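1. Generate a structure from the sequence data that follows.
(chains A and B)
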Amino acid sequence: MTDSVRTQTSQRVLGLHAVFVYVFFYAPILILVVFSFSGDRLVGRWGGFTFDWYGEFLDNEQLTAFHDGAIWTSLKVAAVSTVIAVVLGTLAALSLERFRFRGQRVFDALLYLPIIIPDVTMGIMMLIFFSEAITFADTYLGFEFAKGLKTVVISHIAFNISFVSVVVRARLAGMDSRLEEAAMDLYATRWQTFAHVTFPQILPGVLGGALLALTLSLDDVVVTQFAAGPGATTLPVFVFSLIRRGVTPMINAVSVVMLVASLLLIALMLLADGLRSVADKSS
Amino acid sequence: MNTKLWSRLFVALLALTLIAAACGDDDSGGGEVACAVGETDGDLNLYNWSEYMDPDLLTAFEEEFGVSINEDNYDSNEAMQPIISAGNSGYDLIVPSDYMVSILIDNGDIMPLQKDAVPNLANLADEFASGLPFDPDADYSVPYQWGTTGLGVDLSVTGPDVPETWGLIFDPALAAEYNLEGAITILNDPRETMGAALKYLGYSLNTTSIDELNEAKAIVADATNRVAAFDSDQYDELLVSGQAAVTHGYSGNFLVQFFEADDPDQYTYFVPQEGGTRWVDNMTVVADAPHPCTAHTFINFLLDAENGAALTNWNYYASPNAAAEPFIDQEVLDDPVVYPADQSKLEFIADTGDFEINFSDAFIEAKG
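-> Residues are numbered from 1 along each chain as shown, chains lettered A, B, ... in the order given. Sure, this is the predicted structure:
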């Protein structure tokens, strides 16, 4: 067998492998989208083309009611928890990557904990934590707070900080620290260095972390279920509670809308990135 | 240095836990407030099964009493219980099923009912007013809606004249006659499934006789040869999607599924003539409810004759409210799925105490 034949064969095998991987990734999504237009009440049985499920989705007050519908609850929680987690996560990444301090390695290890521990454990931790914290605040600190939107936001920040800081740290580690040294050699203050050199360099990491945090927050069921209180039903939790009455293609319709929203977010990111690199080249 | 920090952290955590535990002990205060009829003490936080509450009733209550209602949903008793048991859930009113009520009472998670604040308790039918096995004196719970456990059947497989008996599952000859080999699903639940077998044999489903239970175990073990699945979640969908022809399950789920099938007349649900389980979901006030008086007022509101009827007309589950009957749609009252014609052989699942473990053991052994 000659070398070229061997290369050809291995390329074919690799190509086939790639096809399988993509089918495995995208076939379920395609099926989900197709069946969101199915006229049959049973998920997975085709019953003719219809937009009914989208109509039912829009008509569902518990889902779409402005301000307190599940969709709005989800968006509020995701937006607030992402912004706070991105700020805190980026700060944590900077401190761990750029400075040396007492207890750094412990802090480092603890930061990864929320990524490692299972969702259910995290959920139960939150459940007990908030229950005790509410009693504690009421008895010893003299102020009252209750489980609700706030506790869901706090729990999402808690796991999102870790994910954001991991992404930002990867970016920081790949960044040439001599750039910062050069800036400071040229009499830039620490703050100026950060604003004009460090931050623009890690921005893609920060945005990536933000996108990840947003997605995780919008997706989470388990932790949210345990941390939530009255009036804090997010979209995934609501969809999950519907399962008892049988899954209808309305759930597909909801998923497709969420999918399109996520795709738009990613497209926006890519677009912003593309515009920036064009600008970089022309300058 | 690392070890030192770890140990310091550990001590700090320990201290925090102790403080938390200490304050956990003395939060027994409150809860002793007496509520007047129609009194409200804030917005109602309701934690209920999904699609179980008529939104118009919520609006009517909000308008009448000038408070608002937050309703959140759960999909199983087991999903709701840890959230309530942890405390400080923020919920006032929950709707646990029968056996869950006794668990919540034992845990001290729900508060005794202030019967004076709920004069409409008088509207309850006699069999629901007291003597329910999970709360004999009705000190903690008020029935919300009830239903049965029985068999859903695909008539296109069995033919229209199918005998209403547990024999479809447990009698090999009948199963063969109606083409049910491998087309049966049974609830994956020791009490329900052993109970069905006990009923078929003519015994009480709350038996504490090990001999009767062993007999039941033998016929369940035999039925496993013909069973496609032990399933408690999807039996209704398996039926209408044609993957099973006879499925054991809860009345309400079947009704919803049939209602929306292409041809509702293709399916039927019945409680076999030998009798079966009757279940009931109940309203209970959470022990640390922030607004216990609003919760009591809401219970009283739902026990009103017309409101109780509105609830049944909306969710198609049977009402424990005797006074509501004149206001319930005739079509619902006549539906044997909602109101079985012969209710004399229905039994609640009662807690058999120490004998309970024998049900689980027998079920596990029967499943092989």
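2. From here on, just use CA atoms for contacts and neighbour counts.
-> Will do.
3. my guess is B:W279 meets B:Y99, correct?
-> No - under the contact definition of C-alpha atoms under 8 Å, B:W279 does not touch B:Y99, with a separation of 9.1 Å.
4. Find the residues that touch each one of these two.
-> With contacts taken as C-alpha atoms under 8 Å, 6 or more residues apart in numbering or on different chains, B:W279 and B:Y99 have B:I349 as neighbours in common.
5. So the helix or strand of chain A with the lowest mean pLDDT, near chain B or not?
-> Taking all helices and strands of chain A together, the one with the lowest average confidence (mean pLDDT, DSSP states H and E) is helix A:249-282, at a mean of 78. No - using C-alpha under 8 Å from any C-alpha of the partner chain, helix A:249-282 stays clear of chain B, coming no nearer than 13.0 Å.
6. Centre of the chain to that helix, how far?
-> 14 Å (C-alpha atoms, centre = their mean, to the nearest Å).
7. pLDDT wise, what is the one residue in the stretch 251-368 of chain B that gets nearest to chain A at?
-> The minimum distance from the stretch 251-368 of chain B to chain A, using C-alpha to the nearest C-alpha, falls at B:N253 (6.6 Å). B:N253 is assigned 81 on the pLDDT scale.
8. and the nearest residue to B:G42 once chain neighbours are set aside, how many neighbours?
-> Leaving out its chain neighbours, the residue that sits closest to B:G42 by C-alpha to C-alpha, 6 or more residues apart in numbering or on different chains is B:H291, at 5.8 Å. Using other C-alpha atoms under 10 Å in any protein chain shown, the number of residues around B:H291 comes to 21.
9. now stretch B:319-330, how far from the centre of its chain.
-> Relative to where its chain is centred, stretch B:319-330 has its mean C-alpha point 20 Å off (C-alpha atoms, centre = their mean).
10. what residues are up against A:L211?
-> With C-alpha under 8 Å, 6+ apart as the criterion, the residues that contact A:L211 are A:L265.
11. wait, is it part of a helix?
-> Yes - in this structure, A:L211 lies within a helix as judged by DSSP: H, G, I helix; E, B strand; the rest coil.
12. hmm, which helix or strand of chain B has the shakiest average pLDDT?
-> Per mean pLDDT, DSSP H and E, helix B:2-25 ranks last in chain B, at a mean of 54.
13. Which SSE is immediately downstream of that helix?
-> Counting by DSSP states H and E, the next helix or strand C-terminal to helix B:2-25 is strand B:44-49.
14. Mean confidence (pLDDT) on that next one, please.
-> Mean pLDDT, computed over strand B:44-49, is 94.
15. How about stretch B:161-178?
-> Confidence over stretch B:161-178, taken as the mean pLDDT, stands at 92.
16. quick revisit: what helix or strand does the residue of the stretch 251-368 of chain B closest to chain A sit in?
-> Mapping B:N253 onto the secondary structure by DSSP H and E places it in helix B:251-259.
17. List the buried residues in that helix.
-> The neighbour-count criterion (16 or more other C-alpha atoms under 10 Å in any protein chain shown) identifies B:251-255, B:257-258 as the buried residues of helix B:251-259.
18. Quick one: residues contacting residue 185.
-> All of this is about chain A. For A:D185, the contact set (C-alpha under 8 Å, 6+ apart) is empty.
19. you looked at the wrong chain, it should be chain B
-> Applying C-alpha under 8 Å, 6+ apart to B:T185 gives the contacts B:227-231, B:235, B:244, B:246-248.
20. Return the member of these nearest to chain A.
-> B:Y235 (10.0 Å).
21. Local confidence estimate at that closest one?
-> For B:Y235, the model assigns a pLDDT of 89.
22. That one is in contact with B:Q243, isn't it?
-> No - in this structure, B:Y235 sits apart from B:Q243 without contact. The criterion is C-alpha under 8 Å, and the distance is 9.4 Å.
23. between those two, who's got more neighbours?
-> More neighbours sit around B:Y235 than around the other of B:Y235 and B:Q243, counting by other C-alpha under 10 Å; the figures are 28 against 15.
24. Excluding covalently adjacent residues, which one is nearest to that one?
-> Ranked by C-alpha to C-alpha, 6+ apart and with sequence neighbours excluded, the top spatial neighbour of B:Y235 is B:T247, at 5.9 Å.
25. Which positions in the stretch 101-250 of chain A make contact with chain B?
-> Counting by C-alpha under 8 Å from any C-alpha, the positions of the stretch 101-250 of chain A adjacent to chain B are A:103, A:105-106, A:127-128, A:130-136, A:139, A:146-148, A:226, A:229-233, A:238, A:240-246.
26. Walk me through the domains of chain B.
-> Recorded structural domains for chain B (assignment: automatic domain parsing) are B:36-146+B:279-333, B:147-278+B:345-367.
27. Could you export the ones you listed as a markdown table, including distance to A:L259?
-> Rendered in a markdown table, the data for the domains of chain B read as follows (distance: least, C-alpha to C-alpha, whole Å):
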| stretch | distance to A:L259 |
| --- | --- |
| domain B:36-146+B:279-333 | 24 |
| domain B:147-278+B:345-367 | 26 |
